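Chemist: Just to be clear, the model below is a prediction. Sequence and coordinates:
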Amino acid sequence: MRFTRSALDSFRGGRLPDLLGDDTRLLFVGINPGLRAVAVQAHFGGGGSNRFYPALYRAGIVDRRIDASAGFLPQDLAHLKERGLGITSLVAGASARADELTAEQLIAGADALSERVGRITPAVVAVLGITAYRTAFARPRAVVGRQPDPLGGAPVWVVPNPSGLNKRASLADLANAYREAAIAAGIDVFTARD
């Protein structure tokens, strides 16, 4: 599925519904949806540079390779929910890049997220990105891993952002961090893959 730059720009500020099943054990929190993700109505549907689904597969959290670049296949969407995975965003409105967001938007997003987590009641919340977490939650010295303060009653893990722009974290780093959060959430993981 191809989009022109102007067609993608028409999705600026657009939203994605949360991906939630009946028993969300692990809630992944992206910073905000990208323009292409909103265009195809699939979290992390930005195409080849985003490593979220490859990291889930490599970590053994899902048993198949998922490609959401043209939207979710019904069986992949069902598999994510059956595995107890949920996906939401810190800031609801889409942008071309997360660095377009203001500190005020991130802080407001954190307040709304706390209330949403209280309603969803996941076993673990995994925030995808340390820089956004530090700003949104006023934790300038936070490091990747389990955080000392819960959110909406759930333990919080900060894990590396899967964006292709995040060159500091390899696919193996993402998979290891996501697997650790999944195990903490009580998800039975499959054998990790290389």
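Modeler: Sure, I can see it.
Chemist: make it CA atoms for all contacts and neighbour counts henceforth
Modeler: Noted.
Chemist: these two touch, right, Ala154 and Val125?
Modeler: Yes. The criterion here is CA atoms under 8 Å, and Ala154 meets it with Val125 at 6.5 Å.
Chemist: which residues of this protein score low on pLDDT?
Modeler: The model of the chain has pLDDT under 70 over residues 48.
Chemist: Mind naming the longest helix for it?
Modeler: Counting residues, the longest helix found in the chain (DSSP state H) is helix 103-120.
Chemist: For the spatially most central residue of the chain, name its beta-bridge partners.
Modeler: The structure's the chain has its C-alpha centroid closest to Gly30; by CA atoms, centre = their mean the separation is 3.5 Å. Beta bridges link Gly30 to Ser89, judged by DSSP bridges.
Chemist: where's it relative to Ala92, distance?
Modeler: To Ala92, Gly30 is 10 Å away according to CA to CA, to the nearest Å.
Chemist: likewise Phe52?
Modeler: Using CA to CA, Phe52 is found at 18 Å from Ala92.
Chemist: do the same with Leu20
Modeler: Separation of Leu20 from Ala92 (CA to CA): 15 Å.
Chemist: In stretch 177-187, which of the residues would be classed as buried?
Modeler: Ala177, Tyr178, Arg179, Glu180, Ala181, Ala182, Ala184, Ala185, Ile187 (16 or more other CA atoms under 10 Å).
Chemist: Out of the residues you listed, which is nearest to Arg119?
Modeler: Relative to Arg119, the closest of these is Ala185; by CA to CA it sits at 16.7 Å.
Chemist: I'd say the closest one and Thr24 touch.
Modeler: No. Using CA under 8 Å, Ala185 is not in contact with Thr24; the gap is 9.5 Å.
Chemist: Touching both of these two, which residues are there?
Modeler: By CA atoms under 8 Å, 6 or more residues apart in numbering, Ala185 and Thr24 have these common neighbours: Pro122, Ala123.
Chemist: My read is that Ala42 contacts Pro74, right?
Modeler: No. Ala42 lies out of contact with Pro74 (CA under 8 Å); the separation is 11.4 Å.
Chemist: between Phe52 and Ala92, which one's more packed in?
Modeler: Each of Phe52 and Ala92 has its neighbours counted (other CA atoms under 10 Å); Phe52 has more, 24 against 20.
Chemist: Might you report the residue contacts of the more buried one?
Modeler: By CA under 8 Å, 6+ apart, the contact list for Phe52 reads Phe44, Pro162, Ser163.
Chemist: Find the nearest non-adjacent residue to Arg146, please.
Modeler: Leaving aside its sequence neighbours, Arg146 sits nearest to Trp157 (CA to CA, 6 or more residues apart in numbering; 4.2 Å).
Chemist: Now do Tyr57: how many residues are near it, please.
Modeler: Tyr57 has 21 nearby residues by other CA under 10 Å.
Chemist: Please enumerate the helices of the chain.
Modeler: 5-9, 35-40, 52-59, 74-82, 103-120, 130-136, 171-184.
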